[in-house]
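> sequence? don't have it. structure:
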């Protein structure tokens with residue numbers, strides 16, 4: 001997917017030709033690439049996009065350029081989100097890091113047309129990554145998640161239903177065809193909206209120019225904001241708890257910390273909406289991690305491997321999943337007596353169900 005007839009190459013001043021510090025400087029045959037017309041970006045990108053690229057380096061700069069070139073050629077709109085956009089805590093996957101490059105396609109139209117557009121964009125990005133990164137393309141592709149337009153998963157309730165729908169359509173958001181990651185169903189859109197507004201950037205083509213801006217521009221492109229609900233918050237909390245479990249098994253300390261915080265925030269939102277009092281057990285786990293090893297991944301991994309912390313984490317996750325399930329039942333219950341029982345069980349330290357709840361404290 002080319003922005004212009006000549007593929008725009010980037011020279012990295014910090015990485016000399018052939019440097020192993022940045023394998024992304026190789027072409028398909030593994031040789032260093034030749035510089036393109038230095039004025040090519042000025043001809044295609046607006047000032048905001050040029051400034052954004054100038055602040056990037058390493059693999060994330062190469063991926064950003066590929067995405068922008070894709071938009072230039074195919075049109076449409078794509079949102080990029082996460083540490084690879086903000087730069088905060090980014091760990092280059094070609095330098096041993098674990099950061100992903102998350103993207104989402106924006107499309108207004110029918111599900112059939114949205115699916116076709118998505119497949120075209122996915123195919124072109126994969127092709128361009130293979131061309132640019134050569135022998136290292138597999139690592140880069142596995143780090144890129146291209147999520148489909150929201151109409152494709154409209155009305156989906158939970159992760160299981162979403163994955164079933166994607167499988168039926170033959171869609172895998174991970175460009176390396178790894179196990180699909182993501183947040184699905186009720187509550188996913190409200191979380192995504194907040195995350196994109198905080199750490200996202202949207203790219204679109206206007207006339208002959210590719211433009212970009214912060215993702216809080218999305219409402220002007222016709223996207224409706226997601227609404228926070230108790231049911232949605234409980235659904236996302238369950239998924240974040242599973243992601244913590246997965247990260248622990250994979251030995252990914254950064255993802256353990258990140259998803260533990262998201263689990264805490266999702267449960268807090270659900271309890272706020274239901275006007276339940278708050279609990280501190282997840283805050284205590286996060287504080288323990290921050291006190292011992294904030295900004296030090298080696299120490300963080302060591303603490304997570306600590307048997308005492310691992311036991312506390314396991315208990316905390318069990319309790320969180322239990323509370324999330326109670327919230328889901330609370331939203332679905334219609335019997336007034338059962339609703340009151342569930343409220344009592346969700347409150348902390350009060351009510352005749354305290355002994356039952358104490359098992360999860």
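Everything's here; your move. Keep in mind that this is a model prediction, so the values were computed, not measured.

> all helices of the stretch 251-361 of the chain, in order?
Taking DSSP state H, counting those that start in this stretch as the test, the helices found in the stretch 251-361 of the chain are 253-274, 281-293, 297-305, 307-332, 336-346, 354-358.

> chain center to the fifth one, what's the gap?
Averaging C-alpha positions (CA atoms, centre = their mean, to the nearest Å) puts helix 336-346 35 Å from its chain's average.

> repeat for the longest one
Helix 307-332 has its average C-alpha position 22 Å from the chain's average C-alpha position, going by CA atoms, centre = their mean.

> Pipe the helices of the stretch 251-361 of the chain into CSV and attach mean neighbour count per row.
C-beta coordinates here come from the backbone N, C-alpha and C atoms, glycine included. Shown next, in CSV, are the helices of the stretch 251-361 of the chain (neighbours: other CB atoms under 10 Å):
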stretch, mean neighbour count
helix 253-274, 21
helix 281-293, 16
helix 297-305, 16
helix 307-332, 17
helix 336-346, 15
helix 354-358, 12
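
> Lowest average confidence across the ones you listed, which one?
With a mean of 49, helix 354-358 has the lowest mean pLDDT of those.

> Return the distance of the most centrally placed residue in the chain relative to residue 80.
By CA atoms, centre = their mean, the mean C-alpha position of the chain lies nearest to residue 102, the distance being 5.5 Å. Computed with CB to CB, to the nearest Å, the distance linking residue 102 and residue 80 is 7 Å.

> List the contacts of the residue nearest to the centre of the chain.
Listed by CB atoms under 8 Å, 6 or more residues apart in numbering, the contact partners of residue 102 are 80-82, 84, 144-145, 147.

> Ramachandran coordinates for it?
Torsion angles at residue 102 (phi, psi; degrees, to the nearest 10) stand at phi -90, psi 140.

> that older thread, could the helices of the stretch 251-361 of the chain be laid out in CSV, adding distance to residue 127?
Putting those into CSV (distance: least, CB to CB, whole Å) gives the following:
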stretch, distance to residue 127
helix 253-274, 29
helix 281-293, 41
helix 297-305, 34
helix 307-332, 40
helix 336-346, 51
helix 354-358, 54
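
> Mind checking those for the one nearest to residue 158?
Closest approach to residue 158 among these (CB to CB): helix 307-332, 9.6 Å.

> Show me what the closest one is packed up against.
Helices and strands in packing contact with helix 307-332 are listed as helix 230-250, helix 253-274, helix 281-293, helix 297-305, helix 336-346; criterion 3 or more CB pairs under 8 Å, 6 or more residues apart in numbering; DSSP states H and E.

> dump the residue contacts of the closest residue to residue 49 other than its chain neighbours.
Once flanking residues are discounted, residue 49 sits nearest to residue 212: 4.5 Å by CB to CB, 6 or more residues apart in numbering. Residues in contact with residue 212, defined by CB under 8 Å, 6+ apart, are 46, 48-49, 52, 68, 201-204.

> Show me the strands in the stretch 101-250 of the chain, by range?
Remark: strands of the stretch 101-250 of the chain, listed N- to C-terminal, are 101-106, 144-147, 200-206, 209-214; assignment by DSSP state E, counting those that start in this stretch.

> and residue 93, which of the helices and strands packed on helix 307-332 is closest to it?
Residue 93 lies closest, by CB to CB, to one member of the helices and strands packed on helix 307-332: helix 253-274, at 12.5 Å.

> isn't residue 214 right up against residue 198?
No. Using CB atoms under 8 Å as the test, residue 214 is too far from residue 198 to be in contact (9.4 Å).

> Who has more neighbours out of those two?
Set side by side, residue 214 and residue 198 give different neighbour counts by other CB atoms under 10 Å, the larger being at residue 214 (15 against 12).
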